[in-house]
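[1] would you be able to build a 3D model of this:
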Amino acid sequence: MQERLGIAGAGAIACGLAATAARSGDVVLWARSDGSAQRARARVAKTCARLDGGEIDPERVQVVTDLDALGAATFVVEAVVEDHGHKAALLSDLARLAAPETVLATTTSSLSIADLALAAGRPERFVGLHVFNPVPRMKLVELVFPHTATPDTRARAQALCLALEKTPVEVPDIPGFVVNRLLFPYLFNAVELMAETGLSPEDVDSCMMLGAGQPMGPIGLLDFVGLDVAKAIGEAIGIAVPTTLLALVAEGALGRKSGQGFYSYE
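    Model (predicted):
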């Protein structure tokens, strides 16, 4: 990997990306707090132990709580909560720290890349790098460029994806890009079908897994993504979010990460 990779975030996407990148180079990962940093180190170590027969050294991922530590990176990826305000503020801070030639990226799954590029203040060196969870296993990266992105930015983003052993596909800067634009109407329709028919989550998922050959059913997938994230994506792409899902989010039942969603994980 030719880039010095920095990652701003400590959740599943950030840690999965860091562990994946550790196959081919050193990584600096920033977490907001000591507690988040401790959890990130444990998650990275666990992921590295499962990859490539445990041959990836988790020490290649340096977890820090000082944002300034990302200043030496040549390619910085923001991977925090799916909210424009949070992402825009962090990207602006990162742009002030980064060298002029540093490329800034966001892992947003639904927000406008053009708007985030403007918020960062360097639209010529900006890219949407939409990786999928679990990052080590999922091969696709949706690459989304603002129209102002330079040829060098485009080439370096493509090269980084290949270094991570991913398949980059350039997609338009539209709400939800391609995958989520097509996927979430289907997922939400499955929730509405349960409400209409009284089918259980297990029955809906079994039908789609055994009848359509899907590795995970739509209800289980929503829990895996996170119901709060699903709500944000639905609102971003302009489709109605099912009332059942909204009620679960209001209760704090966000899926696997909270221990309760459509399924119970306790």
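[2] where do the strands of the stretch 1-150 of the chain begin and end?
    Here the stretch 1-150 of the chain has its strands, by DSSP state E, counting those that start in this stretch, at 5-8, 27-30, 61-64, 75-78, 103-106, 126-131, 140-144.
[3] for the second one, packing partners?
    Counting by 3 or more Cβ pairs under 8 Å, 6 or more residues apart in numbering; DSSP states H and E, the packing neighbours recorded for strand 27-30 are strand 5-8, helix 12-21, strand 61-64. No exception for glycine: its C-beta is placed from N, CA and C like everyone else's.
[4] CA atoms of that strand as CSV?
    Presented in CSV, the C-alpha positions along strand 27-30 are these (Å, rounded to 0.1, in the frame of the first residue of the first chain):
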residue,chain,number,x,y,z
VAL,A,27,-2.6,2.4,9.8
VAL,A,28,-3.4,5.1,12.3
LEU,A,29,-7.0,4.9,13.7
TRP,A,30,-8.4,7.8,15.8
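[5] winner for burial among the helices and strands packed on strand 27-30?
    Stretch with highest mean neighbour count among those: strand 5-8 (a mean of 28; mean count of other Cβ atoms under 10 Å).
[6] before we move on, the earlier item: for the strands of the stretch 1-150 of the chain, which one sits closest to Asp223?
    strand 126-131 (19.6 Å; Cβ to Cβ).
[7] next, the angle from the closest one to helix 12-21.
    Interaxial angle of strand 126-131 relative to helix 12-21 (axes from the mean of the first three to the mean of the last three Cα atoms, to 10 degrees): 90 degrees.
[8] can I get strand 126-131 in CSV, CA atoms only?
    Written as CSV, here are the backbone C-alpha positions of strand 126-131 (Å, rounded to 0.1, in the frame of the first residue of the first chain):
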residue,chain,number,x,y,z
PHE,A,126,-12.2,14.3,-1.9
VAL,A,127,-13.9,10.9,-2.5
GLY,A,128,-16.8,8.9,-1.2
LEU,A,129,-15.3,5.5,-0.2
HIS,A,130,-18.4,3.4,0.6
VAL,A,131,-17.2,0.1,2.0
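[9] by contact count, what packs against the helix ranked longest in the chain?
    Taking DSSP state H as the criterion, the chain has its longest helix at helix 179-197. Judged by 3+ Cβ pairs under 8 Å, 6+ apart, helix 179-197 is in contact with helix 201-212, helix 218-225, helix 227-237, helix 243-251.
[10] nearest to Glu55, out of the strands of the stretch 1-150 of the chain?
    strand 61-64 (14.5 Å).
[11] so for the closest one, what's the average pLDDT?
    For strand 61-64, mean pLDDT is 96.
[12] cool, and stretch 106-124?
    95.
[13] equivalent analysis for stretch 172-192, please.
    96.
[14] how about that stretch: buried residues?
    Asp173, Gly176, Phe177, Asn180, Arg181, Leu183, Phe184, Leu187, Phe188, Ala190, Val191 (16 or more other Cβ atoms under 10 Å).
[15] Pro172 is in contact with the fifth one, correct?
    Think Arg181. No: look at Arg181 against Pro172 with Cβ atoms under 8 Å: they stay out of range, at 9.7 Å.
[16] now for the closest residue to Leu162 other than its chain neighbours, how many residues are close by?
    If you skip the residues right next to it in sequence, Leu162 has Pro168 as its closest partner in space, 7.3 Å away by Cβ to Cβ, 6 or more residues apart in numbering. Close neighbours of Pro168, defined as other Cβ atoms under 10 Å, add up to 18.
[17] show me what the helix or strand harbouring Pro168 pairs with in its sheet, parallel or antiparallel.
    Under the criterion of DSSP states H and E, Pro168 resides in strand 167-170. Strand 167-170 has the following sheet partners, assigned by DSSP bridges: strand 140-144 (parallel).
[18] name the next helix or strand downstream of the strand it pairs with, please.
    Following strand 140-144 in sequence, per DSSP H and E, is helix 151-163.
[19] need the strands of the stretch 1-150 of the chain in CSV with distance to Ala155, can you?
    Formatted as CSV, these follow (distance: least, Cβ to Cβ, whole Å):
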stretch, distance to Ala155
strand 5-8, 16
strand 27-30, 21
strand 61-64, 26
strand 75-78, 12
strand 103-106, 10
strand 126-131, 11
strand 140-144, 11
